[in-house]
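Colleague: With the input below, show me the fold.
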Amino acid sequence: MAAALSACATPTTAAQPAAKAPAGPKAMVAAANPLAVEAGLKVLRAGGTAVDAAVAVQATLGLVEPQSSGLGGGSFMTYYDAKTKQVTAYNGRETAPMGATPKLFYGDDGKPLNRMTAILSGRSTGVPGAIAMLHLAQSQHGKLAWKDLFGEAERLADGGFPVPGRMAAAAASKAGQAATPDAIAYFTKPDGTKVQAGEIMKNPAYAATVRKIAAEGPKALLEGEIAQAIVDKVHEGALPGTLSLADLKAYRPKSEAGLCRPYRIYIVCVPGAPSGGPAVLEGLGILGHTPIDKHRNDVEGWYLFSQASRLMYADRDRYIGDPDFVSVPVEGLLDPAYVAERAKLIGPAPAASVAPGKPKGAGPRAPDATQEVHGTTHLVIVDQWGNVVSMTTTVESIFGSGRMVHGFFLNNQLTDFSFTPEERDGAPAANAVAPGKRPRSSMAPAIVLDKNHRFVAAVGSPGGPSILAYNLKALVGMLDWKLPVQDAIALPNMIAGGSFYAAEVDKFSPELRAGLEAKGVKLTAGFGAEGSGLHGIEMTPQGLRGGADPRREGVAKAP
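Modeller: Residues are numbered from 1 along each chain as shown. Below is the predicted model of the structure:
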């Protein structure tokens, strides 16, 4: 793998003539619901930027896809500025309250809580960061007034919207969050039955909340009446949280240069830790030492993908946490020499087990006990000027904690921390709970550039811990196998970690399954991970081309 590049470095390769402007679409929105996509397109048509449109898309997704993201959640955004060719990573990850302890999710018996008990408790909710993050990014890269970006969400909430199929299915599911008093009250009609797909649903409380956010910015959530309602809600029940008004008021989103590394003839940019970005870059780095690009969608190609995935997950699970609280050896994990050594571990047959490596800067770390779950979405937007947003946003589980205030669900993001803070020998877990700390995330919104720092593609996915594999698959499909973004997204999913190979078995041909099994990779169905929701946009000679995951309800459209 070539030497590391910063977001603004220029690779030492021969410059190419400037490409002619494509004749096709110059702006596009790809997201998980057509109503949210239309909200973003309206902003683009009004002269808004990609970040302006992202605000509108998020506000609408929180209404029509509350099982996945919302006003009460968090987010990571990777942003490309077409004028400066700089990539910026925005961190809107939730934070633990100052009253949190390393054994936040332990019961009175001194043992870790049952996972669903923890999720449904007040202890699971962190300070929401998505709106504050969007406000920061929009103040730097927006053209329209903040107050004018919420009109579509407000209109749909007040006037009514057709219930999406995924939302209706989630509301009727056996998930614990769908059975909370707040969820039952929200999704139950006057006749006592649950809402059905296609029925018109209103949420006037949500409309009032977005009006307040439009007028006041993130203060509307983090101070005042809504903040007090959040605090009151998390203090309810047998396992109350410690979240306070002071915790909410103190929240600050973060921004930094995107974490960028070369991959073959491209540059791939993601957010840094505690996101899943470093792991995806390590996975690509390992694959860069293999001939996967010469094995398009065949047995050897998927074998190499599976073995690189195992190595990527082993390192990520051991070392990634919030760098404000623990030493995270990102440079060591992405060091070309280290990545080359990890790639040498890929043999003709799978190793019985895969251990984390020892990159430079790595201290002793306990095996991780984090269990990530399902409630996330991804969106990609390109505006008429060529600026790009790749953003993954979440409330953590389906409907977050199942607790609702002012028309939106609260996150259960703190259960993304390791329930066990240390190993028996006392070695700390990188992702242990601490006051003010951001939990580790798998979210890894990616933007791909060419060697001249021109936009090539953007992609990302929800999926809990499977996000890393979903994103890696899509990037391999586009960059190595030269597939259109839609075809790369539609490739079957495989999540390889430890000794398991979970996959969408029926989407692999019998020949592929047999060939992989002959090499020692037996695919297993029913892995229980959140399905992918990949969305992407790529630049072609004919203009922008989008892709939306057929496993969800999303679309990719131009204005």
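
Colleague: Phi, psi for Thr540 please.
Modeller: phi -130, psi 170 (degrees, to the nearest 10).

Colleague: That one bridge partners, please.
Modeller: On the basis of DSSP bridges, Thr540 is bridged to Gly543.

Colleague: quick one: low-confidence ranges for the stretch 451-559 of the chain?
Modeller: Residue ranges of the stretch 451-559 of the chain with pLDDT under 70: 527-529.

Colleague: try 90
Modeller: Scanning the stretch 451-559 of the chain for pLDDT under 90 picks out 498-500, 526-531.

Colleague: Please apply the same query to the stretch 251-400 of the chain.
Modeller: 361-375.

Colleague: Tell me where it has helices.
Modeller: Secondary structure of the stretch 251-400 of the chain (DSSP state H, counting those that start in this stretch): helices at 277-287, 299-319, 330-334, 336-343.

Colleague: Can you mark which positions in the helix or strand containing Leu516 are buried?
Modeller: Using DSSP states H and E, Leu516 sits in helix 510-518. Buried residues in helix 510-518, counted by 16 or more other Cβ atoms under 10 Å: 512-513, 515-516. Using the backbone N, CA and C atoms, a C-beta is placed for each residue, glycine as well.

Colleague: ok, back up a step: I'd like the helices of the stretch 251-400 of the chain written out as TSV, with mean neighbour count and distance to Lys143 added.
Modeller: Shown next, in TSV, are the helices of the stretch 251-400 of the chain (neighbours: other Cβ atoms under 10 Å; distance: least, Cβ to Cβ, whole Å):
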stretch	mean neighbour count	distance to Lys143
helix 277-287	29	27
helix 299-319	24	37
helix 330-334	19	33
helix 336-343	18	40
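
Colleague: Export these to JSON lines and append columns for distance to Leu479.
Modeller: Putting these into JSON lines (distance: least, Cβ to Cβ, whole Å) gives the following:
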{"stretch": "helix 277-287", "distance to Leu479": "8"}
{"stretch": "helix 299-319", "distance to Leu479": "13"}
{"stretch": "helix 330-334", "distance to Leu479": "17"}
{"stretch": "helix 336-343", "distance to Leu479": "17"}
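
Colleague: between those helices, which one is nearest to Pro271?
Modeller: helix 277-287 (4.7 Å; Cβ to Cβ).

Colleague: elements contacting the closest one?
Modeller: With contacts taken as 3 or more Cβ pairs under 8 Å, 6 or more residues apart in numbering; DSSP states H and E, helix 277-287 sits against strand 259-263, strand 266-270, helix 299-319, helix 330-334, helix 336-343, helix 467-475.

Colleague: Who are the contact partners of the spatially most central residue of the chain?
Modeller: Centroid-nearest residue in the chain, with Cα atoms, centre = their mean: Met443, separated by 3.0 Å. Going by Cβ atoms under 8 Å, 6 or more residues apart in numbering, Met443 touches 75-76, 271, 275-276, 376, 392, 394, 460, 467.

Colleague: Most neighbours among those residues, which one?
Modeller: Gly460 (34 neighbours; other Cβ atoms under 10 Å).

Colleague: Quick check: the gap between it and Ala446.
Modeller: 6 Å (Cβ to Cβ, to the nearest Å).

Colleague: shared neighbours of the two, anything?
Modeller: 390, 471.

Colleague: Where does the residue lying farthest from the centre of the chain sit: helix, strand or coil?
Modeller: For the chain, the residue at maximal distance from the C-alpha centroid (Cα atoms, centre = their mean) is Asp191, at 37.2 Å. Of the three states, Asp191 takes coil under DSSP: H, G, I helix; E, B strand; the rest coil.

Colleague: Would you mind measuring from it to Ile200?
Modeller: Distance, Asp191 to Ile200, using Cβ to Cβ: 15 Å.

Colleague: all strands in the stretch 1-150 of the chain, in order from the N-terminus.
Modeller: 28-31, 74-81, 86-92 (DSSP state E, counting those that start in this stretch).

Colleague: next one: the stretch 351-500 of the chain
Modeller: Under DSSP E, counting those that start in this stretch, the stretch 351-500 of the chain gives strands at 376-382, 388-394, 404-405, 408-409, 446-449, 455-460, 494-497, 500-503.

Colleague: for the record, mean pLDDT for the third one?
Modeller: If I follow you right, that is strand 404-405. For strand 404-405, mean pLDDT rounds to 98.

Colleague: closest to Asn412 out of the helices and strands packed on helix 277-287?
Modeller: helix 467-475 (17.1 Å).

Colleague: what does that closest one rub up against?
Modeller: Contacts with helix 467-475, where a contact means Cβ under 8 Å, 6+ apart, come from 263, 268, 276, 279-280, 283-284, 287, 305, 308-309, 312-313, 316, 376, 392, 442-444, 446, 448, 459-461, 463, 485, 488-489, 491, 493-496, 532, 534, 536.
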